[in-house]
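need coordinates for the below:
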Amino acid sequence: MDAGLLLGLIFMGCVPTTISSNVVMTKQAHGNQALTVVQSTLGNFLGPFITPLLVEMYIARGAWYTKPLPEGGSFGELYKRIFIQLGLSIFLPLVVGQIIQNSLPKITKKVLVDWKLSKLSSFSLLIIIWQTYDQAFETGAFKSVKGNNIVFIVFISVVLYVIWSAICILLSALWLSKEDTVAVAYCVPAKTPAMGVPLATVMFAGLSPITSSKLQIPLVIYQGLQIAAGSILTIFFRKWVSYRQNVRASDDNALPQVLDPAS
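Residues are numbered from 1 along each chain as shown. Below is the predicted model:
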């Protein structure tokens, strides 16, 4: 197994959930869209704090696959780099956007809905994925690893998505409504390149371009698989939620008729 790909696989499991695709798919599956927004926002807000700790916990120092990594500094230096970079590129725009949205709700709605400016987020994500693949091809990252390594990454990504989805659906269905379960099912297994790629660049500063590309390959491969799997699941979730809503409506209509005592 290539060391860069294995590090990327570990890193992929530690990044937070995505936002835009979760919201879209939850809406299409008739799930709780508001719960998805809350979960995704909290996940991305906490991600820069938690992801470095998880990566440090899961990567065994001195193992053979850690040789490509540069000498690690203190957590203070790491978090300083993370929040300077992500603070300017993610958190500051988020705060400014919330201020504008709450100050000018009508104008914001017109710009996002009527002018289709909300499509810009999808375009930006496409640029990030394109840039990652472009760098991988330019540096020869795909040619430098064995074909069975890429096959393994695809296979293990599918397995991880199925396991994470099954666990969260089974546990959520025990105490949450079907709409809430759908929201959880989309948020738990999802991983975001929009946060993951910049985070990888900042966390693993000093890597060679080819190693950096290898580290990001599992994340973008998983992104494509989760979009495909999530799109297929919307069909089943929609039927599942609609069936429950129809049963509930039938129960509400079947009220007992009370006979008039005078009759």
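
residue ranges for the helices of the stretch 51-200 of the chain, please.
Listed from the start of the chain, the stretch 51-200 of the chain has helices (DSSP state H, counting those that start in this stretch) covering 75-86, 92-103, 105-109, 119-139, 147-172, 178-187, 193-203.

with adjacent residues omitted, what lies nearest to Ser157?
Tyr222 (4.6 Å; CB to CB, 6 or more residues apart in numbering). Quick note: C-beta positions are derived from backbone N, CA and C, even for glycine.

ok, that neighbour - contacts?
Residues near Tyr222 by CB atoms under 8 Å, 6 or more residues apart in numbering: Met12, Ser157, Leu160, Tyr161, Lys191.

let's have the residues you listed in TSV, adding pLDDT.
Conversion of those to TSV gives the following (pLDDT from 0 to 100):
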residue	pLDDT
Met12	95
Ser157	95
Leu160	95
Tyr161	96
Lys191	94
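
okay if I get these as a markdown table plus distance to Asn102 and neighbour count?
Formatted as a markdown table, the entries for those read as follows, by distance: CB to CB, whole Å; neighbours: other CB atoms under 10 Å:
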| residue | distance to Asn102 | neighbour count |
| --- | --- | --- |
| Met12 | 34 | 25 |
| Ser157 | 38 | 22 |
| Leu160 | 38 | 19 |
| Tyr161 | 36 | 19 |
| Lys191 | 30 | 24 |
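
now, which of these sits nearest Phe237?
The shortest separation between Phe237 and any of the contacts of Tyr222 is 15.0 Å, and it belongs to Tyr161 (by CB to CB).

quick check, that closest one in contact with Gln226.
Yes: counting by CB atoms under 8 Å, Gln226 is a contact partner of Tyr161 at 6.0 Å.

mind listing what's buried along stretch 2-10?
Neighbour-count burial for stretch 2-10, with 16 or more other CB atoms under 10 Å as criterion, is recorded at Asp2, Ala3, Gly4, Leu5, Leu6, Leu7, Gly8, Leu9, Ile10.
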